[in-house]
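*Asks:* Have a look; sequence and predicted model below, questions after that.
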Amino acid sequence: MKPNIALTLVVAFLFCAQDRSMNPTPKLYTFSMKTIGGSMKSLGEYKGKVLLLVNVASECGYTPQYKDLEAVYRKYKEKGFAVLGFPANNFGGQEPGTDEQIREFCTTTYGVTFDLFSKISVKGEDQHPLYAYLTKESPAAGEVKWNFQKYLVDRSGQVVRMLPTRTKPTDPEVTAVIEQLLAGQ
């Protein structure tokens with residue numbers, strides 16, 4: 001009887017191990033990013049949430065979108081939604097500040113409470129690996145054309161849509177998609 005129990009446990013272990021390999025962790029969750037406060041944060045900590053990733057800049061004509069990003073974050077955060085802001089100085093030198101200057105600007109000018117990360121490059125030879133994934137490998141692939149380009153990610157970690165710079169996060173079409181993703185559709 002005892003050999004049958006051992007055999008059953010071995011088979012169950014092998015089945016579970018095989019099941020994990022058949023459902024690998026979405027690539028988005030494999031990245032670790034430096035927060036604007038200086039600590040490292042795994043994007044795996046966002047598993048199960050709907051995400052809006054956006055490259056941001058403090059001296060851009062679209063900088064007032066910080067207000068909209070914060071509004072949509074506050075509206076949906078209790079339902080499992082998060083905004084991740086990635087400062088970048090790739091377009092017109094419009095994000096020249098240090099991480100501390102960026103954090104201070106965002107919190108005092110726009111009341112930002114969503115997660116901000118350390119400044120990165122979103123294009124070019126020094127493109128951060130996260131943005132290399134978003135622009136080259138994800139289902140919404142395509143180069144980042146300007147500040148405040150956004151990527152929507154479903155609860156399973158799949159990038160489902162790229163939103164161009166001019167599209168406000170509070171646009172009814174965007175919030176409708178966010179609500180669908182939060183509902184698991």
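*Replies:* Happy to help now that I have it.
*Asks:* For the closest residue to residue 28 other than its chain neighbours, list the residues it contacts.
*Replies:* Residue nearest to residue 28 in three dimensions, not counting chain neighbours: residue 157, with 4.8 Å by CB to CB, 6 or more residues apart in numbering. For every residue, glycine as well, the C-beta is placed using N, CA and C. By CB atoms under 8 Å, 6 or more residues apart in numbering, the contact set of residue 157 is 25-29, 47.
*Asks:* closest to residue 103 among these?
*Replies:* residue 28 (23.7 Å; CB to CB).
*Asks:* Isn't that closest one up against residue 156?
*Replies:* No - using CB atoms under 8 Å, residue 28 is not in contact with residue 156; the gap is 9.7 Å.
*Asks:* Out of the contacts of residue 157, which end up buried?
*Replies:* 26-29 (16 or more other CB atoms under 10 Å).
*Asks:* List the residues that contact the nearest residue to residue 44 once chain neighbours are set aside.
*Replies:* Excluding its sequence neighbours, the residue lying closest to residue 44 (CB to CB, 6+ apart) is residue 29, at 4.1 Å. Going by CB under 8 Å, 6+ apart, residue 29 touches 42-44, 46-47, 157.
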